[in-house]
Structure formats: structure tokens, C-alpha cells
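# generate a structure from the sequence data that follows.
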Amino acid sequence: MARFGRRSLLATLPGLAFVNAPAGAQEMPLKLGTATAGGGFPVYGAAFIGALRIADPTLEIDEVNTKGSTENVPLLEDGKLDLALVQGEVAQEVFSGAGRPPTALKVVTAMYASPGMFVVRADSRYYSIADLKGQPVAWGARGSGLVILGRNVVDGIGLDATKDFEPVYLDRAGDGPAMVIDGQVAALWGGGVRWPGFVAVANSPAGARFLVPDTGEIERILAKYGFLRRLTVPAGMYRGQGEPLETVGSWSFVLARPGFPDGVGHRLAAALIKVERLRLESKQLSETTARNTLAALPRPGSLQPGVEAYYREIGLLP
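Alright, predicted model coming up:
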């Protein structure tokens, strides 16, 4: 951890001179919206803030717990948050203008890909998604974008999340694992690599089994929801998971409010590049890279202008 304090080393990287420039000054700490306790967003948010604090100590960011992606978007659009974590399905909807005008929000960085899966107890009788029909399933917190991902996945294979299962929605994402472990629900839906809910069930005495779409189901899902991606969870990510798991999912993003200062966006991009180049990232931030951001953008022109300017300075954009 001592290497994080080597400010002389940080000074050798592009963009540092901009850190103290008046154009990038903050008037107050930035507010970063995450989600309910026990889910992946608060874990990521803490890692994100911690890494940026090390790479650029002048950046002040406060975490704000929210109901999740579906609350984060209106809070951003109303200017009540400066930054927020938004799951891929929600981001896709607001950028494409599905049922609403396209958003003026901008992408600061891609967070990580979220491979969607169900987790059940390893000693249960459930071996496929179809086995869960008619069973109580915890889909997550109502405001979570993962609920939308789950709805799309089962819809893609011809099932209805509300009618073909007994849906359970959580007040806190962290309540789900205990409900699987003690048998209140048959399964918990979630997404991500080393997702906290999956870790909790896998580390319980009964252990875990993960249910994902089969090859044919994946093809059907992707044919209906073209913005989803085929994703792989490498073997060994969870206790007892001996084989890689093929599924589908999407990229989540850190989004900025309309009118977010370009100078601060530039500073955020510069700090995140330092995190990459000095290999300061934690497991949570391992996929938070500039190249992943450019590859995952939900539409042209959605990158925050200050971030885009920094990417041009370092040659990532022409």
C-alpha cells in the first residue's frame, strides 16, 4: 500500500499538471450514488472512491446509498447526484430513449461486465433455469438494474419473471443470500464476478450451485436482446465452482449528471488511468479500464467530454 503514496511517480503520468488547474477545481465533494447495502454497487463504490483518493488526493467524493440504478438515473438527471453507478440494462434504456427522451447523462467509465446467474443451494434439486418454474425466486432490490437483466434473460427463453416464478423483491440486496441459505427462496438472481450475494451463498455450509442459460437459450436471448453480451465467469471465482460458466450480461457504468464540469471529468479520467498504469486497482476495479470504456459505450457521443479530451491527449482517441 505504501506505493500509493508515491506522488513523484504519479507526477510522471499524463494529466497530473491538470489536477491543480483552476478549470478542474471542485466547489464541494462530489456525490456518488451507489445502491442498497449488501449488493455489489456499494462494494465497487468504496473501491472506486478509495482508488481515486490515492491517485488524486485532491478529488473529494462522498458515497450516497440509494435504491439502485433506477433511482440513480433520475437523481442524476435532477442534479441531486454528481456521479452514480448504473447497471447496463438501465443505461441502455436511458441512452436509447426507450419509452422516454434519450438522456443527457454521460459516461465517465465502464465499471465491469455483469454475467447474470441464479444461485441455489448445492444440495437443492434445481439444475436448470426451467427447474425454478413455480418456485420463489429473489430477484433483488426493486431499484436494482439486475432485476431488469433477470427479466430480460428469462423472457429471452420464453419465461415470465412475474408469472412463471414466485417473485420476491428485497428491501436490501444483502437480504437475499440468507433467504437462499435458510430455504425461504429457491434461488437468488444476481450478476457479476465475485458478486457479494454469490460469495455468501457459496461460502455457506450447504455451498452453492449456479444456474445459467444453456447454449441454445443463450442464442435465443441474444437474438431478442442484441445489446446483451455473451460473458464467461472463469472457473474458481466461487467456492466449489470447478468449471467456467457461460452466460449473458451487460456492462455497468459510472455516469455523470448533465452539466458535470469537463475539468473534473478530465481529472477523473487522469486519475483512473493512473490506477490502471500503477496497477493500484482492486478486484472490484480490474475491469474499469479506458479501453473497456470505449468498447462498451452505449452509443456514440455518450462519453463525458472531459474524459474524451483526456483520452485524446493520451492517444486512445484520434
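
# from here on, just use CA atoms for contacts and neighbour counts.
Will do.

# secondary structure class for Leu32?
With DSSP: H, G, I helix; E, B strand; the rest coil as the basis, Leu32 sits in strand.

# same question, Leu255
Following three-state DSSP, the label given to Leu255 is strand.

# does the closest residue to it other than its chain neighbours count as helix, strand or coil?
Leaving aside its sequence neighbours, Leu255 sits nearest to Val107 (CA to CA, 6 or more residues apart in numbering; 4.6 Å). When classified by three-state DSSP, Val107 comes out as strand.

# in contact with Val107, which residues?
Listed by CA atoms under 8 Å, 6 or more residues apart in numbering, the contact partners of Val107 are 253-256, 297, 302-304.

# now tabulate the residues you listed in TSV and tack on distance to Val153 and pLDDT.
Listed next are the contacts of Val107 as TSV, based on distance: CA to CA, whole Å; pLDDT from 0 to 100:
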residue	distance to Val153	pLDDT
Phe253	20	97
Val254	23	98
Leu255	24	98
Ala256	28	98
Leu297	21	94
Ser302	25	97
Leu303	27	98
Gln304	30	98
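
# farthest-apart pair in these, please.
Put simply, by CA to CA the two of the contacts of Val107 set farthest apart are Ala256 and Leu297, 13.7 Å from each other.

# more neighbours, the two?
Between Ala256 and Leu297, counting by other CA atoms under 10 Å, Ala256 is the more crowded of the two (27 against 21).

# what's the helix or strand for the residue most central in space within the chain?
Taking CA atoms, centre = their mean, the centroid of the chain lies closest to Ser252, which sits 3.8 Å from it. Ser252 belongs to strand 245-256 when assigned by DSSP states H and E.

# just checking, what packs against that strand?
With contacts taken as 3 or more CA pairs under 8 Å, 6 or more residues apart in numbering; DSSP states H and E, strand 245-256 sits against strand 83-86, helix 88-96, strand 106-121, helix 215-224, strand 229-233.

# can you rerun that using 7 Å?
Packing contacts for strand 245-256, counted by 3 or more CA pairs under 7 Å, 6 or more residues apart in numbering; DSSP states H and E, involve strand 83-86, helix 88-96, strand 106-121, strand 229-233.

# and the contacts of the second one?
Residues outside helix 88-96 that contact it (CA atoms under 7 Å, 6 or more residues apart in numbering) are 69-70, 102-103, 145, 148-149, 250-253, 298.

# now tell me which of those residues the prediction trusts least.
Within the contacts of helix 88-96, the minimum per-residue pLDDT falls on Gly145 (83).

# which residues touch that residue?
Contacts for Gly145 (CA under 7 Å, 6+ apart) come out as 69-70, 87, 89-90.

# turn the residues you listed into CSV, including distance to Ala206 and neighbour count.
Output for the contacts of Gly145, formatted as CSV (distance: CA to CA, whole Å; neighbours: other CA atoms under 10 Å):
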residue, distance to Ala206, neighbour count
Ser69, 31, 27
Thr70, 33, 20
Gln87, 30, 28
Glu89, 32, 24
Val90, 34, 22
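
# dump these into TSV; add distance to Pro177 as well.
Below are the contacts of Gly145 laid out as TSV (distance: CA to CA, whole Å):
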residue	distance to Pro177
Ser69	20
Thr70	22
Gln87	20
Glu89	23
Val90	24
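
# Ala235: which of the residues you listed is nearest?
Gln87 (23.9 Å).

# on that earlier part again, so which of the contacts of Val107 is the most crowded?
Leu255 (29 neighbours).

# quickly list what the closest residue to Pro115 other than its chain neighbours is bridged to.
Closest residue to Pro115 apart from its sequence neighbours, by CA to CA, 6+ apart: Gly249 at 4.5 Å. Per DSSP bridges, the residues bridged to Gly249 are Pro115, Arg229.

# from Phe48, how far off is Gly249?
For Gly249, the distance to Phe48 equals 21 Å [CA to CA, to the nearest Å].

# between the two, who's got more neighbours?
Each of Gly249 and Phe48 had its neighbours counted (other CA under 10 Å), and the higher figure belongs to Gly249 (26 against 23).

# isn't the more buried one right up against Gly116?
Yes - the pair Gly249 / Gly116 is scored as a contact, 5.4 Å apart, by CA atoms under 7 Å.

# hmm, back to that, what's the helix or strand just after the strand holding Ser252 packed up against?
Remark: after strand 245-256, the chain's next helix or strand is helix 262-277, criterion DSSP H and E. With contacts taken as 3+ CA pairs under 7 Å, 6+ apart, helix 262-277 sits against helix 40-55, helix 305-313.
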